[in-house]
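Chemist: Below are the sequence and a predicted model; questions follow.
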Amino acid sequence: MFQYTMRRLLIAIPTLLIISLVIFLLLEAAPGDPLGEVPLTVPPEVKAKMRTALGLDASWYVRYFLWLKQMFWIEPMHLIDTLFGTHLADDMQRVISFQSRQPVMDIIAERMPQTLIVVGSAYVIGVLIAVPIGILSAYRQYSWFDNLGTFISMIGFSVPTFFTGVVLIVIFAVKLQWFPMVYDTTLQVTDWESFTKQLRQMVMPVTVLSLFNAAQISRFMRSSMLDNLGQDYVRTARAKGLTERVVVLIHVLRNSLIPVVTVIALGVPSIFGGAIITEQVFKVNGLGQQLILAIHANDLPMVMTLTFIFAVLIVLFNLIADLLYGILDPRIRYD
Amino acid sequence: MTDTTAAKIRPPRNQWWDVWDQFKTHKGALVGLTIFVAILGLILIGPLIWHIDPTYVDFRARNKGFSLAHPLGTDQLGRDLLARMMAGGKVSISVGLTAMSLSIFLGAAIGVLAGYFRRLDGHLMRLTDLFLALPLLPLLLLMVTLFREPLSKGFGPEGGIFLLIVTAIGATSWMQTARIVRGEVLALKEREFVLAARSIGTPSHRLVLRHILPNVMSPIMVSATLGIASAIITESALSFLGLGFPPDFPTWGRLLFDAVDQIQLYPWRVILPGIAISLTVLSVNYIGDGLRDALDPRIRGR
């Protein structure tokens, strides 16, 4: 197991390097100019100086290696500095956003909590809804509950999140005025009143995202339960005289959760991707919205770093899913 | 005795009739198929009956509600929404179909090559894993923003964006198909009929095209159906983020995006295209579900 983990981690390094190169080359091949926003009245000499200041006149591989160095050497050192108060990276150049001239990592750290609160709670709620629905649907297969559940989960992943979001806004923010239309990120939770305000503005984005997640996970849960309910060990358990509750909720559920847990782990990074749209609908200024802003402004370091972080999350959670599968299911051996 | 048994044996028939029989028992799939055909009919035949040009601007008839002259009302420039919905549907569904064909072609080709030729297997599957690890939506956004200008210069604003979106969606959605097809091909390769075909000297390309490919048609068809749905959703998501087709070129996602600003005044303009997208995707997903059951020989005939 340890060997397997180490091998996977070692494979992850070239994978991530290739991905970062792909993203970099894609940005490089694009005709967009980061100085496109600069007014035409600025003389060419000044423009050339700005280009040099941004480091744009070096050839692409120099800039790529510079980015790698900044990302993997200077940024971690800076993290150590801020954590322990040392001065390792004091006069080293960090990854700087073209748009705001701030270090990219600071902006990301600033926006991370918004994304994590909304997306994270939506994912947890989605799982909490999906698992019981999946269990009951499978246990009473083809009952009215199962048919309804299957239909709702079909709707849940057929209706795009930008449409459910907009419909919720029309009903609950425009017509009924129960919840605010946009997510106010400047809100500080200090007392009970601001806490309820925070909860109220979270209701709609979280509902949209958790409905979407629950739809997918409940389908997996249902089919995994159905696979296990037909197994011989279930008949044995019933024949032993165990109560139905013990058979379903202990024997079958434990075995059915194994593939579902890995699916849940695999879904974590794609949630960050799917949240780009939900964040845009409700104007949550999280990571997804930052990515769209950066793409529109041709802010290459920001786009590069954010996309790379998404890629790291995907590779990491793929590994976690595989390892969990090995831990939970003793039939799977990695050696 | 022999006569009675002989009478009971059905005449040989095409396996697709069996598939259709099984498909018919899936109620959701039948309803889905009906709705999808109805939407297709509306989009293809509708413009022949409803003559208003979707880009015709009539300032005297701005922001009208439902009426006989404009059954779905008009938008802020007085353009007829029924005509725009039909035109938008045509683009959305053709993007879905084209992107799906591209992704299925790529997926099936890579899957068959990886499954059949052992030399290519490692490299191609490494490539598939790499693509699966890419953050797809951010990359899609990136590709569409960065390359829209040169392509719309080269192929015209509509053609260029169409080409760009279809290629981008196709190139980022073939991986699941490739994995499924490779698995099936690996199993088929060990079967006797492949051995028999090879022993009479069938060359590789004919073996793949005549013997392997027809046998992996079922998983390909299922992922093709589901691919249409996800391509339509992706296209409308891009349009919704303002990165899709140009404004005067309606698609369902674009119509929804254009109406969001005035959602408080005219909520119907948002809801109608949204319902169109959702209904299409829902029906296609149900068709896919039915096909999956119908093409599964373990379920068929039970």
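Modeler: Cool, got the structure.

Chemist: Tell me the residues of chain B that contact chain A?
Modeler: Contact residues, chain B versus chain A (CB under 8 Å from any CB of the partner chain): B:28, B:129-130, B:132-139, B:141-143, B:145-147, B:149-150, B:229, B:233, B:236-237, B:240-241, B:256, B:260, B:263-264, B:267, B:270-271, B:274, B:277-278, B:281-282, B:285-286, B:289. Using the backbone N, CA and C atoms, a C-beta is placed for each residue, glycine as well.

Chemist: List only buried entries from those residues.
Modeler: Using 16 or more other CB atoms under 10 Å in any protein chain shown as the burial test, those include B:28, B:132-139, B:141-143, B:145-147, B:229, B:233, B:236-237, B:240-241, B:256, B:263, B:267, B:270-271, B:274, B:277-278, B:281-282, B:285-286, B:289 as buried.

Chemist: Listing request: residues of chain B with sub-threshold pLDDT.
Modeler: B:1-10, B:58-66, B:68-71, B:77-78, B:297-302 (pLDDT under 70).

Chemist: Helix, strand or coil: sort out the residue most central in space within it for me.
Modeler: Of all residues in chain B, the one closest to the mean position by CA atoms, centre = their mean is residue B:228, 1.4 Å from it. Here residue B:228 is recorded as helix under DSSP: H, G, I helix; E, B strand; the rest coil.

Chemist: returning to what we had before: I'd like to know which of the residues of chain B next to chain A are part of strands.
Modeler: With DSSP state E as the criterion, strands contain none of the residues of chain B next to chain A.

Chemist: mind listing which of those residues are in helices?
Modeler: Judged by DSSP state H, the subset of the residues of chain B next to chain A located in helices is B:28, B:129-130, B:132-133, B:136-139, B:141-143, B:145-147, B:149-150, B:229, B:233, B:236-237, B:240, B:256, B:260, B:267, B:270-271, B:274, B:277-278, B:281-282, B:285-286, B:289.

Chemist: hang on, residue A:295 packs against residue B:142?
Modeler: Yes - between residue A:295 and residue B:142 there is a contact under CB atoms under 8 Å: 6.1 Å.

Chemist: what is in contact with the two at once?
Modeler: With contacts taken as CB atoms under 8 Å, 6 or more residues apart in numbering or on different chains, residue A:295 and residue B:142 have residue A:303 as neighbours in common.

Chemist: Give me every residue in the stretch 101-250 of chain A lying close to chain B.
Modeler: Taking CB under 8 Å from any CB as the contact definition, the stretch 101-250 of chain A meets chain B at A:151, A:154-155, A:157-160, A:162-163, A:166-167, A:169-170, A:174.

Chemist: Columns neighbour count on top of these, output as TSV?
Modeler: Putting these into TSV (neighbours: other CB atoms under 10 Å in any protein chain shown) gives the following:
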residue	neighbour count
A:151	13
A:154	19
A:155	16
A:157	21
A:158	21
A:159	23
A:160	24
A:162	26
A:163	27
A:166	24
A:167	18
A:169	24
A:170	19
A:174	13
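
Chemist: any chance of the residues you listed in a markdown table, plus pLDDT and secondary structure?
Modeler: Listed next are those as a markdown table, based on pLDDT from 0 to 100; DSSP: H, G, I helix; E, B strand; the rest coil:
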| residue | pLDDT | secondary structure |
| --- | --- | --- |
| A:151 | 87 | helix |
| A:154 | 88 | helix |
| A:155 | 88 | helix |
| A:157 | 80 | helix |
| A:158 | 87 | helix |
| A:159 | 88 | coil |
| A:160 | 87 | coil |
| A:162 | 86 | helix |
| A:163 | 88 | helix |
| A:166 | 85 | helix |
| A:167 | 86 | helix |
| A:169 | 85 | helix |
| A:170 | 83 | helix |
| A:174 | 79 | helix |
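
Chemist: Not counting stretch A:166-179 itself, show me its contacts.
Modeler: Applying CB under 8 Å, 6+ apart, the contact partners of stretch A:166-179 are A:180-181, A:200-201, A:203-204, A:207-208, A:281-282, B:256, B:260, B:263-264, B:267, B:270-271, B:274.

Chemist: One more pass at 10 Å, please.
Modeler: In this structure, residues lying in contact with stretch A:166-179 by CB atoms under 10 Å, 6 or more residues apart in numbering or on different chains are A:159-160, A:180-182, A:199-205, A:207-208, A:211, A:281-282, B:240, B:256-257, B:259-260, B:263-265, B:267-268, B:270-271, B:274-275, B:278.

Chemist: can you tell me the residue of the stretch 201-335 of chain A closest to chain B?
Modeler: Ranking the residues of the stretch 201-335 of chain A by distance to chain B (CB to the nearest CB) places residue A:310 first, at 3.5 Å.

Chemist: leaving aside the residues next to it on the chain, what's closest to that residue?
Modeler: residue B:135 (3.5 Å; CB to CB, 6 or more residues apart in numbering or on different chains).

Chemist: Could you do residue B:81 as well?
Modeler: residue B:72 (4.0 Å).

Chemist: Tell me, how many residues neighbour residue A:120?
Modeler: A count of nearby residues for residue A:120, using other CB atoms under 10 Å in any protein chain shown, gives 16.

Chemist: which parts of the strand or helix carrying it are buried?
Modeler: For residue A:120, the host element (DSSP states H and E) is helix A:104-139. Judged by neighbour count (16+ other CB under 10 Å), helix A:104-139 contains these buried residues: A:104-108, A:111, A:114-115, A:117-120, A:122-123, A:125-127, A:129-131, A:133-139.

Chemist: and it, what does it pack onto?
Modeler: helix A:75-84, helix A:144-158, helix A:192-229, helix A:253-282, helix A:287-296, helix A:300-328 (3 or more CB pairs under 10 Å, 6 or more residues apart in numbering or on different chains; DSSP states H and E).

Chemist: Next SSE downstream of the third one?
Modeler: Past helix A:192-229, heading to the C-terminal end, the next element that is a helix or strand (DSSP H and E) is helix A:232-239.

Chemist: Averaged pLDDT, the following helix or strand past that next one. What do you get?
Modeler: Next along the chain after helix A:232-239, taking DSSP H and E as the criterion, comes helix A:244-246. For helix A:244-246, mean pLDDT is 89.

Chemist: got it, and stretch A:253-272?
Modeler: On average, stretch A:253-272 scores 85.

Chemist: And for stretch A:188-203?
Modeler: Mean predicted lDDT for stretch A:188-203 stands at 81.

Chemist: buried stuff in it?
Modeler: Here stretch A:188-203 shows A:201, A:202 as buried, counting by 16+ other CB under 10 Å.
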